[in-house]
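>>> Sequence unavailable; structure follows:
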């Protein structure tokens, strides 16, 4: 089966510009996650969607980051305006309903953002 | 809040030697625990997970981990390192009923021929 698709793979922008990332989860996966992975650190959860509703966005910097999941399938993550410290890999993951037993999150290859 | 601690960012191991990566967790409730591997410019791949069944968990590529509640540990081992094991390894924890993962800082494993 096809995995989690993300685009673009790489993006370089200047600070104060805006940027958007796209994620297409595995077909049938109700839950979608965005993680931020700064160099040398483990991924940090930014936001979790269940279908098209937000379950947890407690660690999303809402003054500059926004995310949406249209029709409960694809998702976009936007940063506006970007700061130097936003340079990171942005990982999208999806899973079946986590309330079910033995589900796991499958990760995309990520988008590497460099803010200069 | 749940968290995991991985010590020693870089781990060097000789080819054929034991691989041991340490992970300690902090959780107020019985956790679900995971080990993920990340190859360069790739996403994360699940190696194995503990979900309160058997305490010794076997994963892919010859890796296994043992859940020890008394030590709050979930260390990852592989008896004999292979060159293809060179990658970054992350320990993670989540609560029951969600896949919201809290990751450790990771261990970069280098395999020396």
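Noted; the coordinates are in hand. The structure displayed is predicted, hence computed values, not measured ones. Residues are numbered from 1 along each chain as shown, chains lettered A, B, ... in the order given.

>>> How about residues contacting stretch A:74-82?
Applying CB atoms under 8 Å, 6 or more residues apart in numbering or on different chains, the external contacts of stretch A:74-82 come out as A:13-25, A:32, A:34, A:46-47, A:49, A:64-70, A:86, A:90, A:92, A:113, A:115. Every residue, glycine included, has its C-beta placed from N, CA and C.

>>> buried sites along that stretch?
A:75, A:77, A:79, A:82 (16 or more other CB atoms under 10 Å in any protein chain shown).

>>> Quick check: residues of chain B near chain A?
B:9, B:36, B:41-46, B:49, B:51, B:90, B:92, B:97-106 (CB under 8 Å from any CB of the partner chain).

>>> count of neighbours near residue A:85?
10 (other CB atoms under 10 Å in any protein chain shown).

>>> quick one: the strands in the chain?
Unless you meant another one, I'm taking chain A. A:5-7, A:10-13, A:19-24, A:31-37, A:44-50, A:53-56, A:65-69, A:75-79, A:88-95, A:106-107, A:111-115 (DSSP state E).

>>> You answered for a different chain; I wanted chain B.
Under DSSP E, chain B gives strands at B:3-5, B:10-14, B:19-21, B:24-26, B:32-38, B:44-50, B:56-58, B:64-68, B:73-78, B:87-94, B:102-103, B:107-112.

>>> tell me what the last one is packed against?
Strand B:107-112 is packed against strand B:10-14, strand B:19-21, strand B:87-94, with contacts defined by 3 or more CB pairs under 8 Å, 6 or more residues apart in numbering or on different chains; DSSP states H and E.

>>> now those in JSON lines, with distance to residue B:113 and mean pLDDT?
Shown next, in JSON lines, are the helices and strands packed on strand B:107-112 (distance: least, CB to CB, whole Å; pLDDT from 0 to 100):
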{"stretch": "strand B:10-14", "distance to residue B:113": "8", "mean pLDDT": "95"}
{"stretch": "strand B:19-21", "distance to residue B:113": "15", "mean pLDDT": "97"}
{"stretch": "strand B:87-94", "distance to residue B:113": "16", "mean pLDDT": "94"}
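
>>> what's around the residue nearest to residue B:23 when sequence neighbours are not counted, how many residues?
Sequence neighbours aside, residue B:91 is the residue nearest to residue B:23 in space, at 3.5 Å (criterion: CB to CB, 6 or more residues apart in numbering or on different chains). Using other CB under 10 Å, residue B:91 has 30 other residues around it.

>>> Show me where the chain dips below the pLDDT cut-off.
If you meant another chain, say so; for now it's chain A. A:1, A:98-102 (pLDDT under 70).

>>> should've been chain B
Ranges of chain B meeting pLDDT under 70: B:97.
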